[in-house]
Every structure is written in C-alpha cells, then in structure tokens.
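1. Build me a model from this:
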Amino acid sequence: MKPPASLFSFAWKTARRSLDPSGRASRSEVAHYVIAALLITFPVSLLTRIAMPYPVHHLVGNALDALLIMPVPALLARRCHDHGRSGHWAWLAVLALAVGAARNLVSALYGIETRIEVDRFIWPIDWAIILGNLALLALVLFPGTQGPNAYGPDPRSAAA
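-> Next comes the predicted model:
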C-alpha cells in the first residue's frame, strides 16, 4: 500500500483536473480520490460536531462536501472514457447531486413537511437515478479497455 503522502498527492492531481474530462482515469485514481476525501471529511466532521453549534457544523460540512464533489463529474467522465464510452454518462451523477441539493434546499426553506410532499411526487426520478448510478458504479469498478482507445492511452500503462 502506498504511504498517505502519495495518496494525497494522487488525489490532489485528480482535484487539479476538476474541469478536464479529457483522457482516461484508472480505477486506482478513483479509489485514491475517494479514500483521500474520506480521510479529510471524517476528522473535519468530527471536530466541527464537537466544537461548533449545529448550524455551523452543518454549513462547514456542506461547504466541504461541495468542494470535494467538484472533481467527481470530470473524474467519472474520464473513467467512462477508460471503457471506451462517452463521458456524458457522468451527467447521471450530476443529476443525482442536483436532486439531493434541491431536496436539502426545500427542507431548509420550507421545512421537512414540504420536502415529504415533494418526495411523494418525484419518487420515479429516484429510481431512474438509482439505476443510472448503478451503471456508473459498474463502469467505475470493472477494468477498462486494455491499450489505447479513442480517448487516449491506457492509464495503467502510463502509470507503469
């Protein structure tokens, strides 16, 4: 296993490419980014929960989540490219994030009762999001095409 310094440097490399969906991404790039994000999120969440009132803890958590989620669409697009598929599949994840953010906004502005009423009408969207994200999960977990494809060279051979 790689030491934490290389884990965070690999994750930082991914974060710097937040707006660059070109090329391909390996499974290890996704794994490194997810692990680094979790290693940042858990301690910050714990410390803010202990040391700050709930509204501040909630605000800090949402801000950190927004910051850490920004590279994900481009990363997912590159991962789709590794399978020889269009990066437009990443829009499924963006749709899921947008629906979740809209629900949180409805709860914050109008209360939980209104959110429950909204949820009663948009549940079919939830099922579409679940199925789409399962397809994305399969693309993330299974190995991509070996050798170069239309989106660039194999990231495994570039890392070696």
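2. got any ranges where the protein has weak pLDDT?
-> The chain contains residues with pLDDT under 70 at 1-5, 158-160.
3. which residues does S26 contact?
-> Counting by CB atoms under 8 Å, 6 or more residues apart in numbering, S26 touches D82, G144, P155, R156, A159. In this view, the C-beta of every residue, glycine as well, is placed from N, C-alpha and C.
4. The fourth one is in what secondary structure piece?
-> Using DSSP states H and E, R156 falls within helix 155-159.
5. Quick one: the helices in the chain, in order.
-> Assigned by DSSP state H, the chain shows helices spanning 4-16, 27-51, 54-69, 72-82, 91-110, 112-141, 155-159.
6. looking at these, which is closest to N149?
-> helix 72-82 (7.6 Å; CB to CB).
7. Can I get the closest one in CSV, CA atoms only?
-> The C-alpha coordinates for helix 72-82 follow below in CSV (Å, rounded to 0.1, in the frame of the first residue of the first chain):
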residue,chain,number,x,y,z
VAL,A,72,-16.2,14.0,-9.4
PRO,A,73,-18.0,14.6,-12.8
ALA,A,74,-14.8,15.0,-14.7
LEU,A,75,-13.3,12.0,-12.9
LEU,A,76,-16.3,9.9,-13.8
ALA,A,77,-16.2,11.1,-17.4
ARG,A,78,-12.5,10.1,-17.6
ARG,A,79,-13.4,6.7,-16.1
CYS,A,80,-16.2,6.2,-18.7
HIS,A,81,-13.6,7.0,-21.4
ASP,A,82,-11.4,4.2,-20.0
